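J.: give the three-dimensional model of this entry:
(chains A and B)
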Amino acid sequence: MYWYSPLNTHQRVGVAARLKVDIQEKSFRSSNGEVIDVLRDLHFEVEQNEFACILGPSGCGKTTTLRILLGLEGSYGGSVQLPGLAEPRVGAVFQEPILLPWCSVEQNVRLALPKRARGANLDALFRILGLAAMRTFYPGELSLGLARRVAIARALAIEPDILLLDEPFVSLDEATADQLRHLLLSVWSERPTTALMVTHNVQEAIMLSDRIIVFSDRPAHVVGTFDIRVPRHSRNAQVRADLLRSFHAKFSDRGVGP
Amino acid sequence: MPVVSTERRGAREVAPLPRSRRWTSSVMVLLSFAALLILWHIGATFWPSRSFPAPLLVLQKFTSETASGDLPYHLAITLWRVAASFLLAMIIGSVIGVFLGTHRRADQFFNPWLILFLNIPALVIIVLAYIWFGLNEAAAIGAVALNKIPNVVVTMREGTRALDGRYAEMARVYQFGALDRLRHILLPQLQPYIAATSRSGVSLIWKIVLVVELMGRSNGIGFQINLFFQLFDVAAILAYTLAFVAVMLFIELVLVQPLEHTSTRWRRRPA
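T.: Predicted structure coming up:
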């Protein structure tokens, strides 16, 4: 028997250390009235300051899960507990950068800050992300890779309790994506926080995360998890190839390809 | 030789200096106004008539009316009425438009009302406002605003429907305050619609203001024009009209265009 609530039940009691997701079901009604089950019996946790990746076939409900965590999806059955205080600060990097085109790079980042922290010193953040020279630029003047960096800067500037990333490196050429992954790691390592990233790229997940949570096809549930205990700095090409092999050995029948 | 000349022409067309182009365009404006004045003068000299005064006569009338203080007084009154009803119409119309754009049910319910108000002639609204609320300033300004509000509602409703929901979601995730959402999410997205409805609004409103003044006020340009119509003083009518048009042109050039330029600065830079 599930405890089922038709309401949105973000359980935010006191200080929680970990991210806890217990979703019994989430469905959409399509335009012709059909009910599409997106998530079913989805349960997973992410420890404090752990970097986890959600991996799964496209269209399986990864983004929906993230949207529920962001508080952007209404009715679903189950509960979600974010780490942090009663009002946790959530840093989000969406699939598209979603910067305000009429605000400069710096304004875009500062607007996300709470009112009291608007004047905070962001020099270090901009420097690490290589944006120091672009603070006065408008988003329309940036390449997609640079705009993504600004989105990452915005998510980290608020010193979030949890960082949620929805395929932040898609539609970039491999060199730019790889550079951005390193930037994300270096800026995240400055102040580690619980992070959950949606991706469909196994190599990316192996490079970045402590744990890979593998989703099934729709309606999504967790097929299994893959823990990576090797520290990030010692994950050289050889180690990553080994990890990839053992990942595929574990999930070979699940249709999760590289 | 022909090859050289086409090359030169081509180069000039492809890369004109922006500054020189602006300079020539303002020269063009001056030349065009001067030509109009000369034509007017020639016409008035060839067909002299009391109902078609020469430009110099209008200028004389303008200076004498200005010196007596009449023209500045009536001009100021009319400008105040234009400004008051413009602000009233923009604020009320925008609020209703954004509301209807975000609430589908309300939109369906109130849409017939909107069509009704869009199609009531300005004159009817003015007459009814004077009958119901008396010959006073509030009725005059309210009647003018009421004439413009439906247009503002329609434009702002379109603008609200075109809002990008992703910005609102971003603002929700990052817990923007109400004021920040208004200033940095809503208004910048509505800016082109606000600009469009303001442009058409000012020209519509000042025309209706003159009618309102003519029918029920004892001051303002509309009242004066009616007076000069009784006196058959065409020179004074033209002097008042041109003075008002000049003021509106000044507002357009000095206020509206630079404001628009700064608010859309982010759009102009190359990617």
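J.: flag the shaky bits of the chain, pLDDT-wise.
T.: Went with chain A since none was named. Chain A contains residues with pLDDT under 70 at A:1-16, A:253-258.
J.: hmm, no, I was thinking of chain B.
T.: Scanning chain B for pLDDT under 70 picks out B:1-22, B:268-271.
J.: determine the longest helix present in it.
T.: Ranked by number of residues, the top helix in chain B under DSSP state H is helix B:70-102.
J.: how about it: buried residues?
T.: Across helix B:70-102, burial judged by 16 or more other Cβ atoms under 10 Å in any protein chain shown covers B:71, B:74-75, B:77-79, B:81-82, B:84-86, B:88-90, B:92-94, B:96-101. All C-beta spots, glycine's among them, are computed from the backbone N, C-alpha and C.
J.: look at the closest residue to residue A:107 other than its chain neighbours and give its secondary structure.
T.: Spatial nearest neighbour of residue A:107, chain neighbours left out: residue A:100 (7.6 Å); criterion: Cβ to Cβ, 6 or more residues apart in numbering or on different chains. Here residue A:100 is coil, with the state taken from DSSP: H, G, I helix; E, B strand; the rest coil.
J.: what about residue A:100, how many neighbours?
T.: Close neighbours of residue A:100, defined as other Cβ atoms under 10 Å in any protein chain shown, add up to 19.
J.: I figured residue B:180 hits residue A:112, correct?
T.: No: in this structure residue B:180 lies outside contact range of residue A:112 using Cβ atoms under 8 Å: 9.9 Å.
J.: neighbour count for the two, which is higher?
T.: residue A:112 (27 against 16).
J.: quick one: contacts for that one?
T.: A:154, A:155, A:157, A:158, B:174 (Cβ atoms under 8 Å, 6 or more residues apart in numbering or on different chains).
J.: just give the nearest non-adjacent residue to it, would you?
T.: Closest to residue A:112 by Cβ to Cβ, 6+ apart is residue B:174, at 4.1 Å.
J.: quick one, phi/psi of residue A:195?
T.: The phi/psi pair for residue A:195 (degrees, to the nearest 10) reads phi -130, psi 140.
J.: around chain B, pick out the residues from the stretch 101-250 of chain A.
T.: Within the stretch 101-250 of chain A, the residues that sit near chain B (Cβ under 8 Å from any Cβ of the partner chain) are A:101, A:102, A:103, A:111, A:112, A:114, A:115, A:138, A:140, A:141, A:154, A:158.
J.: among those residues, who's most crowded?
T.: The most crowded member of these, judged by other Cβ under 10 Å, is residue A:112 (27 neighbours).
J.: where does it fall, phi/psi-wise?
T.: Per degrees, to the nearest 10, the backbone of residue A:112 is at phi -80, psi -20.
J.: residue 199: how many residues sit nearby?
T.: Answering for chain A, as no chain was given. Residues near residue A:199, counting by other Cβ under 10 Å, number 22.
J.: to clarify, I was referring to chain B.
T.: Residue B:199: 13 neighbours (other Cβ under 10 Å).
J.: what helix or strand is the closest residue to residue A:177 other than its chain neighbours located in?
T.: Nearest non-adjacent residue to residue A:177, counting by Cβ to Cβ, 6+ apart: residue A:169, 4.2 Å away. Using DSSP states H and E, residue A:169 sits within no helix or strand.
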